[in-house]
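1. here you go, sequence then predicted model.
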Amino acid sequence: MSTTETEKNTDSKKQQVESMFNSIAPKYDFLNHFLSMGIDHLWRKKTIKQLKSLNPKTMLDVATGTGDLAICALKNLNPDKITGIDISEQMLEFGKKKLIERKLNDKISLLQADSENIPFDDNSFNAITVGFGVRNFENLEKGLKEMRRVLTPGGKVAILEFSKPRKFPIKQLYNFYFKYILPTIGKIVSKDNRAYTYLPESVSKFPDREDFIAVLNNCGYQNARFISLSFGIASIYIAEK
């Protein structure tokens, strides 16, 4: 085994995720929309809609990537300020360019930070969103507890994440697409072998639906519930502090 391979194997999940997303950043937005056939836009809108009644003024978007969910939140909720955090510097750079092009950088700010060590005071945000990011947390409960810490009392989290369909034939079609089609296209376009084989692996290991609700409850959240999307391909989780 080479030194490089040994180093990769001993890297923490956090380091591996950061390196992987830095690598695919230039193609991330394109692949996201292409591989989901554009349905990710609808999923984001529905996620943000869950916060409408809260009318949040300050929001945190964790694992913001290039800022798509933060942008959706600004358009649909119009809070005073949204902060996006991510560990991938390259993803944030593409996100910042996008915000400048759309003249949204006065309302949305992006900074490099770890979801398990959020650099804000207790009770700082009325609402927190995460789009396809919690399954990448190295320590899931630590990240969720950090999010709860910076959430104001009565505030809400809205989490969008992939889940595993359970009904025939969606389950079989989904598994085939995730295991064979998606990694092949992802590898060709992004030139990164890891990213789109990591995706199905991380989804298969993630505690979805009722199991994730149990994790949220264990982390101290209240009124946790989920909404299934597109035959169970994804889910929205909503919970309160």
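-> Nice, I can see it. Numbering: from 1, shown residues only.

2. quick check: neighbours of the strand ranked longest in the chain in the sheet, parallel or antiparallel?
-> Scanning the chain for the strand with the most residues, using DSSP state E, yields strand 151-162. When pairing is defined by DSSP bridges, strand 151-162 lines up against strand 125-131 (parallel), strand 234-240 (antiparallel).

3. tell me the secondary structure at residue 103.
-> With DSSP: H, G, I helix; E, B strand; the rest coil as the basis, residue 103 sits in coil.

4. tell me the pLDDT at it?
-> With respect to pLDDT, residue 103 scores 96.

5. what about it, how many residues nearby?
-> When counting by other Cβ atoms under 10 Å, one arrives at 8 neighbours for residue 103. No exception for glycine: its C-beta is placed from N, CA and C like everyone else's.

6. kindly report the same for the one 4 residues further on.
-> Using other Cβ under 10 Å, residue 107 has 16 other residues around it.

7. residue contacts, it?
-> Going by Cβ atoms under 8 Å, 6 or more residues apart in numbering, residue 107 touches 74, 79, 80, 81, 82.

8. touching, the third one and residue 73? I think so.
-> No - in terms of Cβ atoms under 8 Å, residue 80 does not count as a neighbour of residue 73; the distance is 11.9 Å.

9. the bottom helix or strand of the chain by mean pLDDT?
-> Sorting the helices and strands of the chain by mean pLDDT, DSSP states H and E puts helix 3-10 at the bottom, at a mean of 40.

10. which elements pack onto the following helix or strand past that helix?
-> For helix 3-10, the following helix or strand on the C-terminal side (DSSP states H and E) is helix 13-35. Contact partners of helix 13-35 among helices and strands, from 3 or more Cβ pairs under 8 Å, 6 or more residues apart in numbering; DSSP states H and E: helix 39-49, helix 89-101, helix 182-190, helix 195-205.

11. name the residues of the first one that come out as buried.
-> By neighbour count, with 16 or more other Cβ atoms under 10 Å as the criterion, the buried positions of helix 39-49 are 40, 43, 44, 46, 47, 48.

12. please apply the same query to the third one.
-> Across helix 182-190, burial judged by 16+ other Cβ under 10 Å covers 182, 183, 186, 189, 190.

13. ok, now the second one?
-> For helix 89-101, a neighbour-count test (16+ other Cβ under 10 Å) marks 90, 91, 92, 93, 94, 95, 96, 98, 99 as buried.

14. and it, what other elements does it pack with?
-> helix 13-35, strand 81-86, strand 108-112.

15. out of the ones you listed, which gets nearest to residue 173?
-> helix 13-35 (14.3 Å; Cβ to Cβ).

16. starting at the chain centroid, how far to stretch 220-231?
-> In terms of Cα atoms, centre = their mean, to the nearest Å, the centre of stretch 220-231 is found 15 Å from the chain centre.

17. would you turn the helices and strands packed on helix 13-35 into a markdown table with distance to residue 111?
-> Below are those laid out as a markdown table (distance: least, Cβ to Cβ, whole Å):
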| stretch | distance to residue 111 |
| --- | --- |
| helix 39-49 | 21 |
| helix 89-101 | 7 |
| helix 182-190 | 25 |
| helix 195-205 | 23 |
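
18. on that earlier part again, so for residue 161, which of the helices and strands packed on helix 89-101 sits nearest?
-> helix 13-35 (14.0 Å).

19. what lies in contact with that closest one?
-> Helix 13-35 is contacted by residues 8, 11, 40-41, 65-66, 68, 86-91, 93-94, 114, 116, 136, 138, 182, 185-186, 189-190, 192, 194-196, 198 when judged by Cβ under 8 Å, 6+ apart.
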